[in-house]
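Participant: Next input, structure requested:
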Amino acid sequence: MALSRPLFRLGTTHRVSPPQLIFTHPSPRLQNDARQFIRSPGSRHIASNPTVEKVVDVFTEWFHLFHDAHLSWAFAIPVAAVTLRCLTFAALNIPARRHALRFSLMRPMLHSNFAITERIVSQRRDLTARAKTNLVRSTNANNRKRLSKTFRWKPWTAVLPFVQFPIFLAVAESLRRMAGRGSFLFDSVPSQSSGTIADTTIQATSTAGINSVTQWLEPSFHTEGILWFTDLCVPDPLLVLPATITIVNLLEVFLRSKQPTEAPVLGQEPTLRQRLLSRKVIRRMLIIFSFAYFPVSSLFPAAVQLYWISSTLTTATSYRLLEKYMPETKVVPRPKWPYHEDRTPPKGRKILS
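Facilitator: Next comes the predicted model:
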């Protein structure tokens, strides 16, 4: 006999209260750990981390080094930014460019070896499809290691230019603290606890954060500006500096987004079209980010905006110098004379076979 149960009667007439878990006697060790987590400024305010403070100290002393050379902050910040960017560019981008040139020489041989390996393995009848795939992968890996050793190419050098991004953030954090602003990346972690202890802790940590910011404050930022932004502690009132940041970033994107016009002669790469499409997508994303820099940079103090412009201009100029003095080498140069298969090449010139 089937029983008909009122499925919705329980939800409409009355509600069943969930079971309450009551801890009568928590362990003293658990209480002590919880209080230390809530009250410790290191866990709730990451900006008070000793490592972060040491990094901020280093860059603060770096800017004071140029300011002590009888330069106002309106000139000391750009000079320090250009010098720092040149040092990081020489230490990171030039080795990365050198290894990129080595990879451009190695890439056609690598792709040709891949094609030859796949052709040879595909003709073997004594192997299964999975065994052929594993054999191709192992052979290609060995060829890559051999060519990397021959050309002295290291794959980890491709990530060297990205080290400049945390350096940029650290310098921006240092300038914000010198301008009397709070930290923008290392804000205090909000607590999900409630009660008197948590509220007191929030007030204590916020007071500690204010005290930690005031120790980096530079009063001369208010008077050593230039032109219309005489106060470097506040954003640009005319929004000229944020617009300059956007224009400079767009200029850098257009200068660094050159597309190759022809495929290499030796080792025709089947993924050339895919690489061109990926470059176009990256270029469009960088253009969108450049326009997004305007509302973001308008919230920063004028000191950070001045550093941003100087750093971006130095980076764009450095990349142009790299393209001029360290150009990408062509593996197989094309003949300079108009040559066709039905014509005889000029005398005294050899055709690369």
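
Participant: contacts and neighbour counts: CA atoms only from here.
Facilitator: Noted.

Participant: Give the buried residues for stretch 232-250.
Facilitator: For stretch 232-250, burial by neighbour count (16 or more other CA atoms under 10 Å) applies to 232-236, 239, 241-250.

Participant: ok, and what's touching it?
Facilitator: 179-181, 221-225, 229, 287, 290-291, 293-295, 297-303, 305-306, 308-309, 312-313 (CA atoms under 8 Å, 6 or more residues apart in numbering).

Participant: So what would you say the end-to-end distance of that stretch is?
Facilitator: With CA to CA, to the nearest Å applied, stretch 232-250 spans 25 Å between its terminal residues.

Participant: Check stretch 228-241 too.
Facilitator: Using CA to CA, the two ends of stretch 228-241 sit 11 Å apart.

Participant: quick one on the thing from earlier: okay, and which of the buried residues of stretch 232-250 map to helices?
Facilitator: Within the buried residues of stretch 232-250, residues falling in helices by DSSP state H are 241-250.

Participant: Spatially nearest residue to S174, not counting backbone neighbours?
Facilitator: Closest residue to S174 apart from its sequence neighbours, by CA to CA, 6 or more residues apart in numbering: V56 at 5.1 Å.

Participant: so the one you found sits right up against V171, yeah?
Facilitator: Yes - if you go by CA atoms under 8 Å, V56 and V171 touch, sitting 7.4 Å apart.

Participant: give me every residue that touches Y319.
Facilitator: Neighbour list for Y319: R256 [criterion: CA under 8 Å, 6+ apart].

Participant: model confidence over the helix or strand hosting it, on average?
Facilitator: Element membership for Y319 (DSSP states H and E) is helix 302-325. Average pLDDT, helix 302-325: 87.

Participant: Same check on stretch 156-166?
Facilitator: 85.

Participant: Export only the CA atoms of that stretch, formatted as PDB.
Facilitator: Provided in PDB are the C-alpha atoms of stretch 156-166 (Å, rounded to 0.1, in the frame of the first residue of the first chain):
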ATOM      1  CA  TRP A 156      63.600  29.800 -19.400                       C
ATOM      2  CA  THR A 157      65.100  33.000 -20.800                       C
ATOM      3  CA  ALA A 158      61.800  33.800 -22.500                       C
ATOM      4  CA  VAL A 159      60.300  34.800 -19.100                       C
ATOM      5  CA  LEU A 160      63.000  37.300 -18.200                       C
ATOM      6  CA  PRO A 161      61.300  40.400 -19.500                       C
ATOM      7  CA  PHE A 162      58.200  39.600 -17.300                       C
ATOM      8  CA  VAL A 163      60.300  40.200 -14.200                       C
ATOM      9  CA  GLN A 164      60.000  43.900 -14.900                       C
ATOM     10  CA  PHE A 165      56.300  43.800 -14.000                       C
ATOM     11  CA  PRO A 166      56.700  43.100 -10.200                       C
END
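
Participant: quick one on the thing from earlier: would you mind telling me which of V56 and V171 has the busier surroundings?
Facilitator: Neighbours were counted for V56 and for V171 using other CA atoms under 10 Å; V171 has more, 24 against 21.

Participant: Got the confidence number for that one?
Facilitator: 89.

Participant: which residues sit in contact with the residue nearest to S174?
Facilitator: 170-171, 173-174.

Participant: Secondary structure and distance to D126 for those - can I get that in JSON lines?
Facilitator: Shown next, in JSON lines, are the contacts of V56 (DSSP: H, G, I helix; E, B strand; the rest coil; distance: CA to CA, whole Å):
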{"residue": "A170", "secondary structure": "helix", "distance to D126": "59"}
{"residue": "V171", "secondary structure": "helix", "distance to D126": "62"}
{"residue": "E173", "secondary structure": "helix", "distance to D126": "63"}
{"residue": "S174", "secondary structure": "helix", "distance to D126": "65"}
